[in-house]
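Enquirer: generate a structure from the sequence data that follows.
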Amino acid sequence: LRFPESDPRSAPVALSNPLSVDLSVMRTTLAPGLIQALLKNISSGWRRAIRIFETGMVFFGKGQEVEEIFKLGGCVCPGADSRSPWGEQETEDFHSVAADIEAIFASRGVALDLVPGSEPFGHVGKTARVLADGRDIGYLLALKPEIESEIELPAPVFLFDLDMGPLVHDGKAAFGEVRKYPPVFRDISLVVKEGVYSSEVLALLRELGGPLLEEVRLFDIYKGKGIPEGHRSLAYTLAYRDPERTLRDDDVDQIHGRLRDQLVQRGIRLR
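Expert: A predicted model of the protein is given here:
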């Protein structure tokens, strides 16, 4: 996995009485075991998609003590034969694995954000740090192509390694009554600079949208004709709902118009 010497994961705790050389140190990450399990399944003849996970402890030396951290690790690979009558939409990718992770944590009432990150074994541009309520709990990444080639893995391979703490100790999902009144939807397209991430724009829309803005969902990303170089268009659908009554179109137009004005005041271009 190409850990540099400065990385704590490259300095495992040694056992005083190991059973063998291969089992002489305590693991600092779940990733190697997951990759070995993936290789074993493929070498045994399994050709279809592989989705495996593990929960367990990793260990780090802290002076004379050993710190144990409870982890959730996963490995996803489309397999040696990813053909499907439904085409590429059925093939796992970075975003589908991210959605699965978000769903796992949402079931415990924990909101996640994915932000750009780096790992020595991660594909550049396809490596993210995972934040749970603002706290860094691990990574999601696509394995570097050179590593996939070295150990003869069918590409792509996606790995995640996350702290289990938020799932075990944090809050539970909240459930409420079914909403009586229907939402009213409006779409908005914003032109932002490359490097401005959708999570930042989502947070701004929720901040400015007011108490009746129930949901914001990204549905399109566009670069090309009509968009300045170094920029991209992000399009969102917004759901407004009042828990006490049915919103009229003129009510929503007023709220949505105020949101658009505030975005312009923040220097964001509307498309």
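
Enquirer: rest of the way, CA atoms for contacts and neighbours
Expert: Noted.

Enquirer: following the chain onward from the strand or helix carrying S149, which element is next?
Expert: Assigned by DSSP states H and E, S149 belongs to helix 145-150. Per DSSP H and E, the first helix or strand lying C-terminal to helix 145-150 is strand 158-163.

Enquirer: identify each buried residue in that following strand, please.
Expert: Going by neighbour count (16 or more other CA atoms under 10 Å), the buried part of strand 158-163 is F158, L159, F160, D161, L162, D163.

Enquirer: quick check: next helix or strand after that strand?
Expert: Sequence-wise, the next helix or strand downstream of strand 158-163 (DSSP H and E) is helix 165-169.

Enquirer: following that next one, which helix or strand shows up next?
Expert: For helix 165-169, the succeeding helix or strand toward the C-terminus, using DSSP H and E, is strand 184-193.

Enquirer: what's that next one packed up against?
Expert: Contact partners of strand 184-193 among helices and strands, from 3 or more CA pairs under 8 Å, 6 or more residues apart in numbering; DSSP states H and E: strand 231-240, helix 249-265, strand 269-270.

Enquirer: middle-most residue in this protein, spatially?
Expert: Nearest to the geometric centre of the chain sits A98, at 3.7 Å (CA atoms, centre = their mean).

Enquirer: tell me which helix or strand that one sits in.
Expert: helix 94-106.

Enquirer: now do that helix against strand 158-163, angle only.
Expert: The directions of helix 94-106 and strand 158-163 differ by 20 degrees, with axes from the mean of the first three to the mean of the last three CA atoms, to 10 degrees as the criterion.

Enquirer: which elements pack onto helix 94-106?
Expert: Contacts defined by 3+ CA pairs under 8 Å, 6+ apart place helix 94-106 against strand 112-116, strand 135-143.

Enquirer: may I see the buried residues of that helix?
Expert: By neighbour count on 16+ other CA under 10 Å, the buried set for helix 94-106 is F94, V97, A98, I101, E102, F105, A106.

Enquirer: contact partners for the fifth one?
Expert: Looking back up the chat, that one is E102. Contacts for E102 (CA atoms under 8 Å, 6 or more residues apart in numbering) come out as A111, L112.

Enquirer: beta partners for A239?
Expert: Beta-bridge pairing for A239 (DSSP bridges): F185, E215.

Enquirer: what does V76 give?
Expert: Counting by DSSP bridges, the residues bridging with V76 are R51, F158.

Enquirer: wait, it sits on A37?
Expert: No: at 11.1 Å, V76 and A37 do not qualify as touching, with contact defined as CA atoms under 8 Å.

Enquirer: these two: which is more packed in?
Expert: Just comparing V76 and A37: by other CA atoms under 10 Å the higher neighbour count belongs to V76, 23 against 16.

Enquirer: for V97, see how far away the more buried one is.
Expert: Separation of V76 from V97 (CA to CA, to the nearest Å): 8 Å.

Enquirer: ditto for F175
Expert: Distance of F175 to V97, given as CA to CA: 25 Å.

Enquirer: likewise A128?
Expert: 12 Å.

Enquirer: same check, this time on A80
Expert: 18 Å.

Enquirer: now Y236
Expert: Using CA to CA, Y236 is found at 22 Å from V97.

Enquirer: V252 now?
Expert: V252 is 35 Å from V97, by CA to CA.

Enquirer: now do the shared contacts for V76 and V97.
Expert: In contact with both V76 and V97: F158, using CA under 8 Å, 6+ apart.

Enquirer: can you verify my assumption that P166 contacts V110?
Expert: Yes: under the criterion of CA under 8 Å, P166 makes contact with V110 at 7.1 Å.

Enquirer: need the residues touching each of the two.
Expert: A132.

Enquirer: could you list the low-confidence segments of the chain?
Expert: The model of the chain has pLDDT under 70 over residues 84, 86-90, 170-174.

Enquirer: returning to what we had before: contact partners for the residue nearest to the centre of the chain?
Expert: A98 makes contact with L140, according to CA under 8 Å, 6+ apart.
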